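J.: The sequence and its predicted three-dimensional model are supplied below.
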Amino acid sequence: MTNTLIHTDSRRSGERGFDPMSVRNDFPALAVLVKGKPLVYLDNAATTHKPDSVIDAITRFYSTENSNIHRGVHHLSELATEAYEASRRKVQRFVNAKYPQEIVFVRGTTEGINLVAQTFGRVGLKEGDEVVISMMEHHSNIVPWQMICDQTGAVLRVVPMDGRGELIQEEYLKLLGKRTKIVALTHVSNALGTVNPIREMICQAHELGISVLIDGAQAVAHGHVDVQALDCDFYAFSSHKMFGPTGIGVLYGKRELLESMPPYQGGGDMIKSVTFSKTVYNDPPHKFEAGTPHIAGASGLGAAIDYLGGLKMEAIAVHENQMLRDLTSNLLDLHGVSIVGTAKEKSGVVSFTIEGIHPHDVGTILNEEGIAVRTGHHCAQPVMDFYGVPATVRASIAFYNTKVDIEALITGIKTVQKVFH
């Protein structure tokens, strides 16, 4: 199982590789006690913890820079505006967008996808057109497309997957055609950890003139994402899954596409002029950022990018892959435990079931041991339906996880089995 996402940059890693203990003290939440026991946090696919530098950036904004942006000529407004736009430029460099104007701040991946569906999709889709998604999508990359198909008369087509949790590429190619107007795919499955071959899939769609949106929520914290190298038309991700604050995320869109799309919402800051007879809209990205945004969140996101930029991500990828291998092999050694999703290319997510025990019961007992995992359908009910299970237990890894965390989870599962059997 190999995570094919690779970052660059350097810090806290030498010839001997990455030491997770060197960064754990940066994350105050990791010192929390649960039921009197040290927290073992394996719910990183849901949200990651925040380093002190991110928390400090948010505190600093509210303490010394708090003001609205783009509208004031006074000192604090200028500071806030510069901090906000500096974060946009950091995001641009982080994903290697060509222009800062291609970076739209949204509330998260969900809003980014909805923005594309309700602008690009609403204008570009008509009755009989087709939207292609995959069976492993998060609900956030299913429901918005169902909604726009209902509004326009377009048809939703679904790429199937096999028992390993890999998209069937031959079937994907069969779905692409003259009626296909957009393909929307996840980079990494949040329920299975599958890393999809999106570069190849984007190329195949582009050969037919089809635009492509990528849900990158589970990818950006685990490897280098280069939107120009991928050549995707849109790429959406969330701050809170990459060690930044909640309530803010990013939609990358190619400049010419953003310029051609209508606004998503109306209000302040997304206009050049307003009269009762006509409104002239602002240029991207401001055209899509109506109202007062999450300014403090942008500062926090910028700090998270700075933090990640200080890490040697190639070594982190090796560490996370080793954690994934250790977790997988230890789970397979346990009687009655079945892993759901065994793709060849995986990121640090493992979903599993325990024979005769409901996942919610597993999660409840693990919590008594201080172990945080996710249980349920993970906003991917079609995946659960495919495997014929109501839910799974999901353990998900970040670079601050250690072998001690894996050992604690395995011991906790044995405790669960003793309680029920």
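T.: Received it, and whenever you're ready, just let me know what you need.
J.: isn't there a helix covering V131?
T.: No. Secondary structure of V131 (DSSP: H, G, I helix; E, B strand; the rest coil): strand, not part of a helix.
J.: Now do the contacts for the most centrally placed residue in the chain.
T.: Geometric centre of the chain, nearest residue: A217, 0.9 Å, by C-alpha atoms, centre = their mean. With contact taken as C-beta atoms under 8 Å, 6 or more residues apart in numbering, A217 is in contact with G108, T109, H138, T186, N190, A236, F237, S238, K241. C-betas here are computed from N, CA, C, even on glycine.
J.: of all these, which two lie farthest apart?
T.: The distance between the two most remote of the contacts of A217 (C-beta to C-beta) is 14.6 Å, for G108 and T186.
J.: thinking again about what came up before, now the residue nearest to the centre of the chain, nearest residue through space, not along the chain?
T.: Counting by C-beta to C-beta, 6 or more residues apart in numbering, T109 is the residue found nearest to A217 once chain neighbours are left out, at 4.3 Å.
J.: ok, now A83?
T.: S299 (5.2 Å).
J.: Return the distance of the most far-flung residue of the chain relative to its centre relative to G266.
T.: Ranked by distance from the centre of the chain (C-alpha atoms, centre = their mean), the top residue is S277, with 40.8 Å. From S277 over to G266 the distance is 15 Å, taken as C-beta to C-beta, to the nearest Å.
J.: what do you get for A117?
T.: 18 Å.
J.: More neighbours: which of the two?
T.: Ranked by neighbour count (other C-beta atoms under 10 Å), A117 and G266 place A117 first, with 25 against 12.
J.: mind checking the SS state of the nearest residue to the more buried one once chain neighbours are set aside?
T.: Residue nearest to A117 in three dimensions, not counting chain neighbours: P144, with 4.0 Å by C-beta to C-beta, 6+ apart. Here P144 is helix, with the state taken from three-state DSSP.
J.: Residue numbering should commence at 23 henceforth.
T.: Okay, using 23 as the starting number, the last item reads as P166.
J.: In the contacts of A239, which residue is surrounded by the most others?
T.: Neighbours here mean other C-beta under 10 Å. Within these, the largest count is held by A258, at 31 neighbours.
J.: what's the following helix or strand after the strand or helix carrying that residue?
T.: Element membership for A258 (DSSP states H and E) is strand 256-260. Following strand 256-260 in sequence order, the next helix or strand is strand 271-275 (DSSP H and E).
J.: Which elements pack onto that following strand?
T.: With contacts defined as 3 or more C-beta pairs under 8 Å, 6 or more residues apart in numbering; DSSP states H and E, strand 271-275 has these neighbours: helix 97-117, strand 125-128, helix 131-138, strand 256-260.
J.: My guess is the residue nearest to A239 contacts F256. True?
T.: No. Applying C-beta atoms under 8 Å, one finds T131 not in contact with F256, separated by 11.1 Å.
J.: in stretch 436-443, what's buried?
T.: V438, Q439 (16 or more other C-beta atoms under 10 Å).
J.: Just checking the distance from it to the centre of its chain.
T.: 34 Å (C-alpha atoms, centre = their mean, to the nearest Å).
J.: now swap in stretch 289-302 and tell me
T.: In terms of C-alpha atoms, centre = their mean, the centre of stretch 289-302 is set 33 Å apart from its chain centre.
J.: now swap in stretch 105-112 and tell me
T.: Distance of stretch 105-112 from the chain centroid (C-alpha atoms, centre = their mean) equals 20 Å.
J.: Please spell out which residues along it are buried.
T.: For stretch 105-112, the neighbour count (16+ other C-beta under 10 Å) marks A105, Y106, E107, S109, R110, K112 as buried.
J.: same deal with stretch 136-156?
T.: By 16+ other C-beta under 10 Å, the buried positions in stretch 136-156 come out as 136-143, 146-147, 151-156.
J.: Check what pLDDT the nearest residue to Y409 once chain neighbours are set aside gets.
T.: Closest residue to Y409 apart from its sequence neighbours, by C-beta to C-beta, 6+ apart: V362 at 5.4 Å. With respect to pLDDT, V362 has a value of 98.
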